[in-house]
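> sequence-free structure coming up:
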């Protein structure tokens, strides 16, 4: 094991796969000379050259559209969309090309493209750079959508995505790039579509996504001081969704809180709640609770932004209230 930051782990996955497979090509804004706005692609231009690390114009739909064509032609492109807010500009190529061409062509083509993007609030980046829109791509059949919460999962999920023949959207979180942790050296893959129990417990289940996993673990430690044994599960993947693991925990504890940073209405937590309720309804002792950001554009003000976000205190309070029911 080697200690890496989240950003370094992503860089490691890209570097190792580019060395292993010459078909892996990187495309994105400021990913070459600048090394990426979050330093994920730093040093890759020097090693692999401008034909494999391509600084593109500012045209998200064009970048993804070009990548889809490359993927159908035998390459394995990796696109960086600087902020997930800008995924809105590429939805035509994602929803109407990448997601459907394998079906439209009757299985005669594959679209092995990876789209890396970052989302989430907490950096006072304002309403146009702070969204969590993973539900948009997870809604699309044919698109894998995964959200790593640790450096190890960042490397493992990206590597698995790079080896998939299906389109994969990897949603990173801007506040996690500097976080550190142990990462297996050499080849490391985390299968797409698998959740992980990161803290076993018996009294309540907390299902968390991305940065909320850390907040959930903090809440669980505080709850332990109150005699509450909380199980924390990192959902990791929205499509495919590992309903088996989530429902198994729900049946064991009988109480569930879902913590995601996305807006609550029509967000990823809604699908998670529905899936768990369908599979574990008879064993639930209270309605499933879902937590998410307040339904407003994210403020840039450092004083206002925290008031619309979920944190460990909100998770703890929700569990305490749930246990009274």
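Everything's here; your move. Bear in mind the structure is a predicted one, so any value in this text is a computation, not a measurement.

> element containing residue 272, please.
Per DSSP states H and E, residue 272 falls inside helix 268-280.

> give the buried residues for that helix.
For helix 268-280, burial by neighbour count (16 or more other C-beta atoms under 10 Å) applies to 268, 269, 270, 271, 272, 273, 275, 276, 279, 280. Where C-beta positions appear, they are placed from N, C-alpha and C, glycine not excepted.

> from the chain's centroid, how far away is that helix?
18 Å (C-alpha atoms, centre = their mean, to the nearest Å).

> continuing past it, what's the next helix or strand?
Going down the chain from helix 268-280, the next helix or strand is strand 289-293, by DSSP H and E.

> same for that next one, what does it pack against?
Other helices and strands packing on strand 289-293, by 3 or more C-beta pairs under 8 Å, 6 or more residues apart in numbering; DSSP states H and E, are strand 256-263, helix 268-280, helix 312-323.

> quick one: contacts for residue 180?
3, 4, 5, 6, 151 (C-beta atoms under 8 Å, 6 or more residues apart in numbering).

> please report phi then psi for it.
phi -120, psi 170 (degrees, to the nearest 10).

> beta partners for it?
Counting by DSSP bridges, residue 180 is bridged to residue 5.

> just list the residues touching residue 165, thanks.
Applying C-beta under 8 Å, 6+ apart to residue 165 gives the contacts 110, 111, 112.

> all helices of the stretch 101-250 of the chain, in order?
101-104, 134-138, 151-162, 212-224, 243-253 (DSSP state H, counting those that start in this stretch).

> residue 88: which of these is closest?
Nearest to residue 88, of all the helices of the stretch 101-250 of the chain, is helix 134-138, at 8.1 Å by C-beta to C-beta.

> show the pLDDT at residue 185.
Turning to residue 185, the model gives it a pLDDT of 88.

> excluding sequence neighbours, find me the nearest residue to it.
Here the nearest residue to residue 185 in space, its sequence neighbours aside, is residue 2; by C-beta to C-beta, 6 or more residues apart in numbering that works out to 5.1 Å.

> what about the one you found, neighbour count?
Around residue 2 there are 12 other residues, counting by other C-beta atoms under 10 Å.

> for it, which residues are in contact?
With C-beta under 8 Å, 6+ apart, residue 2 has these contacts: 182, 183, 184, 185.

> what is the burial count for the third one?
Yep, that's residue 184 we're talking about. Residue crowding around residue 184 was assessed by other C-beta under 10 Å; the count is 13.

> same check on the last one?
Number of residues near residue 185 (other C-beta under 10 Å) recorded here: 10.

> what about it, distance to residue 298?
37 Å (C-beta to C-beta, to the nearest Å).
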